[in-house]
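>>> would you be able to build a 3D model of this:
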Amino acid sequence: MESSSSCSSMLAHPPQDSFLQRTLERLSSTHSLKLPAEEALPVAVVALQRYLSEPTDGQRQEQQLDSYSFDVTITDGVWRAKCLLHPSLNHLVHRNALRTGTDVRVSRCSFVYNERRLGHGYICIEELGCIDEGSSVLPRVDVSSLPLLVRHGMERSVALQSDVPLQASRKHYLSLWNNDDPEGDMWASGCASPDQVLDVSRVTHLVTLESSFRGLWKPLPLLVKIIHKARLRYYGKFGLSIDYPYQAYFEVADQSGTMSLVLWNELCPEYYQRMNVGTVLYLRNYTLKQSYSNRSRPQMDHHRMKSFTSVEICLNARNPAAVITVVSQKSVLPQWGLPEVSYQFTSRSELEKLPNGLACDVIGLVTFVGRVERVRSKGTKAPEKYWTYRWIHAVDGTSDRPYILELYSSSQPEIFNQICPMTYIVCTQMRVCQVEGSLPYLTSSCETQVFITGYHKGQPYVSDPAVKSFIQWTKTLKDNTILQKTAVGGHYCYPPPPRRPAWSAADTSGQIPLVSASDLKRELESLQYREHKKLAIQGQITAVRYTKREGREVTAEPQHGDTHADPVAAQPAAEDCLMSPSTDGSHAKTRKRRVPLSKATPASPNRGSTPAKRRLGYRNPEEREEEEEQENSVYEEVQHEQQECQGSTAPSWQSSGWSTQREQISERLSDGGLHRDSLSRRFTFDEKSALLQWSNLQPTRWAPGTAADTLPPVACPGHYRLTILGINKQIAVDAAFLPVVRSDDPRAVGLSQDPHDNSMLSCLSSGFLCPLGSTAREREVTLHESEEILATAQELEDTHVVCFLDLCQLGGDKVEILVNKVYRVTDVTLD
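Alright, predicted model coming up:
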């Protein structure tokens, strides 16, 4: 082992001996180091950063383990170390098992030198184990003050000392969960350029650019105002030799009309966050090119200006290097004749009258904020892309119904992650979506911009009459009254499935995919963190169990690693009985208990292949023995509680043939259940920070503050546990059905509430219990009522049904499988 001189830092005197320091010293004499259990001490994850992978020498793109690489910064409380995560461990990030703010045990690592660059190398983590509990390291250290661990002679390595990837060919990081948000220190924000004397005597107008595009022309200066701004577009891919592959569209205007402007590549980090709606630009050395026709454009009829759509202005960093001057607001002169930014605010009372696809602007008071979810971008080849979005309800006083807003990331993460109830929200360029049989909703466009309380100052819309009218209305409200109508997080899906679904073999666009049971299994295994999918499966409902525990929290977290049926899994929903007590409503942290569906031990990652199924992190033999002992203890406890459940009066039903069929099925997907994250919570200002953290995605960097696990337990409403047997009777899946029981549930908005007889099948087909109560107190589902509903379940016997399922990966081993609606096959239309 070398002396401590093999390590260096920004400090003149190295701190006390540490695990990370000892590990780096040992790596100086060996390429790869495997640490025994007693030496693999916990280290905390303080940052996870993602970027496009480098193609490995001799490997084609399709042979890559993953499209993206991850740098992980860890600390032992003495040093910080920036390391590369081996690609075989990427699946731990994909399902948020490896995340910031928790501890890990590094059991194998190596030191990698960059052979094409002098003085650059880094630690590569090849095997690790994730510790689910909160970090034991972070509470006792100030991470920002800790020195960075660097091998001697590499102190000047830019990748180690700055906010750039360890793999040298990449120059920047991407947002952890999407490609649309700016990420890292390189994204300049701030104000206008320093005050300059502008020569506006020789500026040209946009109308002149279009007429002279085909001829010889010299680019005279432009003086324009931004009237629309689109979200960022990242177009990086393997083999593309562009350091900053970004593009951003703007619509700019002068007194002659409007035209598109495109900001390219490295100019995006420098200028994108400085160029906002209402900003005035003085441009030189720009180029013109023919417009790209196959792209979305904002709807601008309300501007009453001529649009020049045949050409667009391009700003590049070279050939030629564009000169961009962001003019300060106080320097803008009226004689320049630049148009005012105009808006088209639409009140909630007018929404039903608008045609489908129309763009409008809205302002409202937020009452519901859904959790942030992800959806895989369709039709894209590697690298794969995800969109992030959340659902919002907002009211404006013109209707007793809220706006239903589907907000996708608009490259404004500082706003998107701070949306909460009781804030005023403005959304521009939202597209109307009319829904047959339900309320219309609004969805984001590429040009949507979002602003909330704290970000309205200086925006052009503040003087709009619709905004002033809304502000006057809010002055008549009482906070306590509105707070009683708020909610955050939980499962939410809109629009609800149609009353009579239709499938067409010719046109599959817009319809929920109908999958086989085996396909459903693959879909569950491929889900990534907070990824949401809607699927349909046909088969028979063979068992239903009603579960309700007064004043108790839902904590059932079945394992996802093994889906084979076993005697424990065959029992009807016993894990629903495992709930931590909170009968007094205290805010004590709830202890969660994991129900093992099989006694399989976790496997260490295979470094040479992509994981076919989700796997837990590496565990050494000593840890496995300890886990097995704990598992056996929990297993015995589960069996005891199952016996109690089976002897309880919880209503249940099963088909006459299920006891035989469940012995014959090949697999049972027992992930279904109600999770803590499936239920929405009432918003309070005292819990605002924790609620935001709980409903947002896991952050890239750990920061001290209120943790989401400090939230008080959620009262568990009554819900049903369904077992759905695939049509070929080979695979069964367990899913939860959480009917809407009261009108203040966010899911009740837009739900068709035609009266029904509260039979089991009618509840499953409608999604709610009839009639809805206005509050939780007014509509409590009694045990007697649940028994009456289950007494009608006999009509499910041998009934061929189609079940609409909502799937969501909630992190770690938690997968949400919820039944949205159930239809008889005879009620489905086939085209």
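>>> how about Thr346, what does it touch?
By Cβ atoms under 8 Å, 6 or more residues apart in numbering, Thr346 lies in contact with Leu354, Cys360, Asp361, Val362. Backbone N, C-alpha and C define where each C-beta goes, glycine included.
>>> no no, Asn90
Leu65, Asp66, Tyr68, Ser69, Phe70.
>>> apply 6 Å and report the result again.
Asp66 (Cβ atoms under 6 Å, 6 or more residues apart in numbering).
>>> can I assume it sits in a helix?
Yes - per DSSP: H, G, I helix; E, B strand; the rest coil, Asn90 lies within a helix segment.
>>> and it, what pLDDT?
We note a pLDDT of 95 for Asn90 in this prediction.
>>> got any ranges where the stretch 101-250 of the chain has weak pLDDT?
155-160, 190-193, 214-217 (pLDDT under 70).
>>> whichever of the contacts of Thr346 end up buried, select them in PyMOL.
Of the contacts of Thr346, the buried ones can be selected in PyMOL as follows, counting by 16 or more other Cβ atoms under 10 Å:
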select buried, resi 360+361+362
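>>> could you pick out the longest strand of the protein?
Ranked by number of residues, the top strand in the chain under DSSP state E is strand 532-547.
>>> name the helices or strands packed onto that one?
On a contact count with 3 or more Cβ pairs under 6 Å, 6 or more residues apart in numbering; DSSP states H and E, strand 532-547 meets strand 652-654, strand 719-726, strand 801-811.
>>> again, only using 7 Å
Using 3 or more Cβ pairs under 7 Å, 6 or more residues apart in numbering; DSSP states H and E, the elements in contact with strand 532-547 are strand 373-376, helix 517-526, strand 652-654, helix 658-664, strand 719-726, helix 783-790, strand 801-811.
>>> before we move on, back to that, out of the contacts of Thr346, who's nearest Ile313?
Asp361 (25.0 Å; Cβ to Cβ).
>>> which of the helices and strands packed on strand 532-547 sits closest to Leu222?
strand 373-376 (38.3 Å).
>>> go ahead and name everything in contact with the helix or strand that the closest one is followed by.
Under the assignment DSSP states H and E, the closest C-terminal helix or strand after strand 373-376 is strand 386-395. Applying Cβ atoms under 7 Å, 6 or more residues apart in numbering, the set of residues contacting strand 386-395 from outside is 177-178, 364-377, 402-409, 419, 425, 492, 494, 697, 746, 749.
>>> and the following helix or strand past strand 386-395, how far out from the chain middle?
As assigned by DSSP H and E, the chain's next helix or strand after strand 386-395 is strand 403-408. Distance of strand 403-408 from the chain centroid (Cα atoms, centre = their mean, to the nearest Å) equals 15 Å.
>>> next SSE downstream of strand 403-408?
Following strand 403-408 in sequence order, the next helix or strand is helix 413-416 (DSSP H and E).
>>> show me what that next one is packed up against.
Going by 3+ Cβ pairs under 7 Å, 6+ apart, helix 413-416 lies up against strand 450-452.
>>> name every strand pairing with the strand it packs on and say which way it goes.
Using DSSP bridges, the strands paired with strand 450-452 are strand 424-433 (antiparallel).
>>> C-alpha coordinates for the strand it pairs with, PDB please?
What follows is strand 424-433, C-alpha atoms only, in PDB (Å, rounded to 0.1, in the frame of the first residue of the first chain):
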ATOM      1  CA  TYR A 424     -51.200  31.200  -8.800                       C
ATOM      2  CA  ILE A 425     -50.300  29.500 -12.100                       C
ATOM      3  CA  VAL A 426     -50.100  30.900 -15.600                       C
ATOM      4  CA  CYS A 427     -49.700  28.500 -18.600                       C
ATOM      5  CA  THR A 428     -49.400  29.800 -22.100                       C
ATOM      6  CA  GLN A 429     -50.000  28.000 -25.400                       C
ATOM      7  CA  MET A 430     -52.000  25.100 -23.900                       C
ATOM      8  CA  ARG A 431     -53.900  23.000 -26.400                       C
ATOM      9  CA  VAL A 432     -57.500  22.100 -25.900                       C
ATOM     10  CA  CYS A 433     -58.400  18.400 -25.800                       C
END
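>>> tell me what angle it forms with strand 386-395.
Angle, strand 424-433 to strand 386-395, by axes from the mean of the first three to the mean of the last three Cα atoms, to 10 degrees: 110 degrees.
>>> if you count neighbours, what's buried in the helix or strand that strand 424-433 is followed by?
Scanning forward in sequence from strand 424-433 by DSSP H and E, the next helix or strand is strand 441-443. Buried residues in strand 441-443, counted by 16+ other Cβ under 10 Å: Tyr441, Leu442.
>>> which residues touch strand 441-443?
Around strand 441-443, the neighbours that count as contacts under Cβ under 7 Å, 6+ apart are Val362, Tyr403, Ile404, Leu405, Glu406, Met430, Arg431, Val432, Cys433, Val435, Tyr494, Pro495.
>>> if we use 6 Å, what do you get?
Residues from elsewhere that reach strand 441-443, judged by Cβ under 6 Å, 6+ apart: Ile404, Leu405, Glu406, Met430, Arg431, Cys433.
>>> what about that strand, distance to the chain center?
18 Å.
>>> send me the helix or strand containing Gln693 as PDB with only the CA atoms.
If you go by DSSP H and E, Gln693 is part of helix 688-695. C-alpha atoms of helix 688-695 as PDB (Å, rounded to 0.1, in the frame of the first residue of the first chain):
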ATOM      1  CA  LYS A 688     -44.900  22.000   1.900                       C
ATOM      2  CA  SER A 689     -41.200  21.100   1.600                       C
ATOM      3  CA  ALA A 690     -41.700  17.400   2.400                       C
ATOM      4  CA  LEU A 691     -44.800  17.200   0.000                       C
ATOM      5  CA  LEU A 692     -42.800  18.700  -2.800                       C
ATOM      6  CA  GLN A 693     -40.000  16.300  -2.300                       C
ATOM      7  CA  TRP A 694     -42.400  13.400  -2.100                       C
ATOM      8  CA  SER A 695     -44.300  14.300  -5.300                       C
END
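>>> buried ones in it, by neighbour count?
Under the neighbour-count criterion of 16+ other Cβ under 10 Å, helix 688-695 has Lys688, Ala690, Leu691, Leu692, Gln693, Trp694, Ser695 buried.
>>> burial check on Pro746, number of neighbours?
By the other Cβ atoms under 10 Å criterion, the neighbourhood of Pro746 contains 26 residues.
>>> nearest spatial neighbour of it, chain-adjacent residues omitted?
If the residues on either side of it in the chain are set aside, Pro746 comes closest to Phe368, at 4.5 Å by Cβ to Cβ, 6 or more residues apart in numbering.
>>> mind listing what the one you found touches?
So Phe368 contacts His393, Ala487, Pro746 (Cβ under 6 Å, 6+ apart).
>>> how about a cut-off of 8 Å?
Trp391, Ile392, His393, Pro402, Pro421, Thr486, Ala487, Val488, Tyr492, Ser680, Pro746.
>>> quick one, grab the pLDDT at it.
You'll see Phe368 listed with a pLDDT of 98.
>>> which SS class is it?
Following three-state DSSP, Phe368 is assigned to strand.
>>> who does it bridge with?
Under the criterion used (DSSP bridges), Phe368 bridges to His393, Ala487.
>>> any idea how far it lies from Gly397?
Per Cβ to Cβ, to the nearest Å, Phe368 is found 16 Å from Gly397.
>>> in the longest strand of the chain, what's buried?
Residues of strand 532-547 classed as buried: 532-533, 535-547 (neighbour count, 16+ other Cβ under 10 Å).
>>> run the angle between that strand and helix 517-526 for me.
Using the same axes, to 10 degrees: strand 532-547 against helix 517-526 is 100 degrees.
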